[in-house]
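Any chance you can model this:
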Amino acid sequence: MSIVVKNITKLYGKQKALDNVSFSIQKGEIAGFLGPNGAGKSTMMKILTGYIPPTSGSAEINGMDIYEKSLEIKKQVGYLPEQNPLYYEMYVKEFLEFIAKLYGIKNPMQRVKEMIDICGLQIEQHKKIGALSKGYKQRVGLAQALIHNPSVLILDEPTSGLDPNQLEEIRSLIKQLGKDKTVMFSTHIMQEVEAICNRVIIIHRGKIVADDHIHNIKTTLSSSHIIVEFSVSISKEKISTLPVQNIEKLSDTKWKIESSHPDISKYLMELAIQSNSTIVSLNKSEMKLEEVFKILTQE
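Residues are numbered from 1 along each chain as shown. Model (predicted):
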């Protein structure tokens, strides 16, 4: 495993930012780390990158303890924090050369050229960072996170401020990087998660509430949502006599229902027979990731 987190708790006074959090991420996996504002995402990322210590628990990156081997880990981790730390008075190329030299990279000029090409900074490389748009500042931040060719990437809102074209380019870059690196990133854009990630970890109030492949999470929560169409109109009152939690009318003969009862299909068939009707179609309704997120993080 590239990232292993074991029972990490972080307290700020009496407030628990993280509450006994555990998870692991394998090499070559792109994991979306999701949660509402204040859920503990940035705190977890700061702990993994050695910026702040946990109150209790432990974590390893590439088999090394994050505090016993903190300097060695920093050589293997690329980090783009939510508040992108850039020197606004430096020129783009100058800044990246400075970062490359800090990492002791051999032939830093060549590596800077590669990063400028990879992150699409060619036309902006001779500008001061303070004069760049937010999207290009994000690109510079991503370039500094990648410049030392880390095996683990931790990205906090990496696509913030990008226009649709830039967004697609950075998505493609992250997917490409995920083939031979471990990528953990947070975002509030659910479409982005579905486009890039094969797995999501959802955190709420400092606790992990879901950790699985996207399809598995959606399938599990969607299993109680059924769309049923009858051959004739059946009233909501009749359907409400069944073991259902919610009923939504889609047409005179079609209904979307929510039921946790394992034999709900049997009940629907019996209702159809009693109403001199037949069931035209009966399908599970797969939820969108956004709906799953709302359910798992609601108060």
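
List the contacts of the residue nearest to S240 when sequence neighbours are not counted.
Leaving aside its chain neighbours, S240 sits nearest to I247 (6.2 Å; criterion: Cβ to Cβ, 6 or more residues apart in numbering). The C-beta positions use only the backbone N, C-alpha and C, and glycine is treated the same way. I247 makes contact with 236, 239-240, 255-258, according to Cβ atoms under 8 Å, 6 or more residues apart in numbering.

If we use 10 Å, what do you get?
Going by Cβ atoms under 10 Å, 6 or more residues apart in numbering, I247 touches 236-237, 239-240, 255-259.

Look up the pLDDT of it for me, please.
You'll see I247 listed with a pLDDT of 92.

Assign it to helix, strand or coil.
Three-state call for I247 (DSSP: H, G, I helix; E, B strand; the rest coil): strand.

partners of it in the sheet?
I247 has these beta-bridge partners by DSSP bridges: I257.

any idea how far S277 is from it?
16 Å (Cβ to Cβ, to the nearest Å).

Please list the outside residues in contact with the lowest-mean-pLDDT helix or strand in the chain.
Ranking every helix and strand in the chain by mean pLDDT, DSSP states H and E puts helix 214-222 at the bottom, with a mean of 75. The contact list for helix 214-222, computed with Cβ under 10 Å, 6+ apart, reads 32, 190, 193-194, 197-200, 202, 210-213, 284-289, 291-293, 295-296.

Now, the residues you listed that are in strands?
Among the contacts of helix 214-222, the members falling in strands (DSSP state E) are 32, 199-200, 202, 210-212, 284.

quick one: which of those residues is nearest G104?
The closest of the ones in strands among the contacts of helix 214-222 to G104 turns out to be G32 (Cβ to Cβ; 32.2 Å).

Would you mind measuring from that closest one to I214?
8 Å.

neighbour count winner among these two?
Between G32 and I214, counted using other Cβ atoms under 10 Å, G32 has the larger neighbour count: 23 against 18.

so that one touches C197, yeah?
Yes - using Cβ atoms under 10 Å, G32 is in contact with C197, at 4.1 Å.
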